[in-house]
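Visitor: sequence and predicted structure below; questions after.
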Amino acid sequence: ACSADEKTSDPETPDQPAGNSNILVAYFSATGNTQRVAERIAALTGADVYRIEAADPYAADPYDDSDRVQREAYGDLRPGVANLPVAETIARYDTIFVGSPCWWHQPAMVVCTFLEAYDLSGKTIVPFFTYGATTYLNESMQKIYRLTPESKHIPATLPEDLDPDDITTPGRPDDAGIDMPGSAGGVESWLKRIGI
Ligand SMILES: Cc1cc2nc3c(=O)[nH]c(=O)nc-3n(C[C@H](O)[C@H](O)[C@H](O)COP(=O)(O)O)c2cc1C
């Protein structure tokens with residue numbers, strides 16, 4: 001209980017957006033990599049931050065939950081989110097950065113649960129991922145785009161994917177050309193490149 005209290009009271013990892021900006025950085029992070037990128041984006045843009053929490057939390061070492069993560073990703077499941085903001089809160093934002101680790105070739109599925117909970121039409125969605133290997137980044141990006149068909153996206157288009165629905169067999173490498181900060185240190189130049 002102690003660590004959970006600390007997490008929710010930490011101003012850098014709020015579980016509800018503060019409502020100070022028209023930009024939101026919504027992210028899920030299990031081991032801190034995506035969180036560091038999210039906080040850097042927020043520091044540079046003045047964006048509000050919202051940390052997506054799974055209703056059924058993942059193991060402290062998420063590799064211990066690898067089977068669950070694979071089942072959720074390959075089954076396109078929608079695990080519950082513990083702290084979904086009300087729709088009016090999300091409606092206030094024009095631009096939403098959406099951050100996730102690459103988990104079994106996909107966004108963490110709680111991020112998909114978050115995206116499907118709202119009407120995001122007309123909003124600008126900027127996905128970002130952290131990952132261990134630069135494979136399946138395109139499939140992960142394609143997933144976010146398909147879940148937000150009425151939104152604008154940065155980048156506007158992705159490299160063509162021969163079969164974005166097949167995430168279980170390796171396809172041709174098609175991640176080249178996707179501009180993504182590799183770490184928090186790369187965020188500032190990335191934001192300049194994408195015009196934010
Ligand atoms: C269960 C699990 C599955 C993963 N699957 C992938 C993957 O398919 N591709 C990849 O590049 N990295 C994969 N990774 C590595 C994470 O994407 C990487 O460590 C990421 O930076 C973690 O972000 P976080 O610290 O914000 O949780 C996986 C990690 C875990 C725990």
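Guide: Nice, I can see it.

Visitor: how about Ala117, what does it touch?
Guide: Val81, Leu84, Ala87 (CB atoms under 8 Å, 6 or more residues apart in numbering). Heads up, the C-betas are built off the backbone N, CA and C, glycines and all.

Visitor: how close does it sit to Val110?
Guide: 11 Å (CB to CB, to the nearest Å).

Visitor: same question, Leu44
Guide: For Leu44, the distance to Val110 - CB to CB - is 25 Å.

Visitor: more neighbours: which of the two?
Guide: Taking neighbours as other CB atoms under 10 Å, Leu44 and Val110 compare with Val110 leading, 24 against 14.

Visitor: could you look up the next helix or strand downstream of the longest helix seen in the chain?
Guide: Secondary structure of the chain per DSSP state H: the longest helix is helix 33-45. Remark: after helix 33-45, the chain's next helix or strand is strand 48-51, criterion DSSP states H and E.

Visitor: what lies in contact with the helix or strand following that following strand?
Guide: Note on strand 48-51: by DSSP H and E, the next helix or strand toward the C-terminus is helix 66-74. Contact with helix 66-74 is made by Tyr58, Pro62, Leu77, Pro79, Trp103, Trp104, His105, Gln106, Ala108, Met109, Ile167, Thr168, as judged by CB under 8 Å, 6+ apart.

Visitor: wait, Trp190 touches Met180, no?
Guide: Yes - with contact defined as CB atoms under 8 Å, Trp190 and Met180 form a contacting pair (7.3 Å).

Visitor: quick one, helices of the chain?
Guide: 2-9, 33-45, 66-74, 87-91, 109-116, 137-147, 187-193.

Visitor: could the ones you listed go into TSV alongside distance to the ligand and mean pLDDT?
Guide: Compiled in TSV, the helices of the chain are given as follows (distance: least, CB to the nearest ligand atom, whole Å; pLDDT from 0 to 100):
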stretch	distance to the ligand	mean pLDDT
helix 2-9	14	44
helix 33-45	3	97
helix 66-74	4	98
helix 87-91	21	97
helix 109-116	11	98
helix 137-147	7	95
helix 187-193	14	97
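
Visitor: in TSV: those, plus distance to Ala156.
Guide: Output for the helices of the chain, formatted as TSV (distance: least, CB to CB, whole Å):
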stretch	distance to Ala156
helix 2-9	35
helix 33-45	19
helix 66-74	26
helix 87-91	22
helix 109-116	18
helix 137-147	10
helix 187-193	14
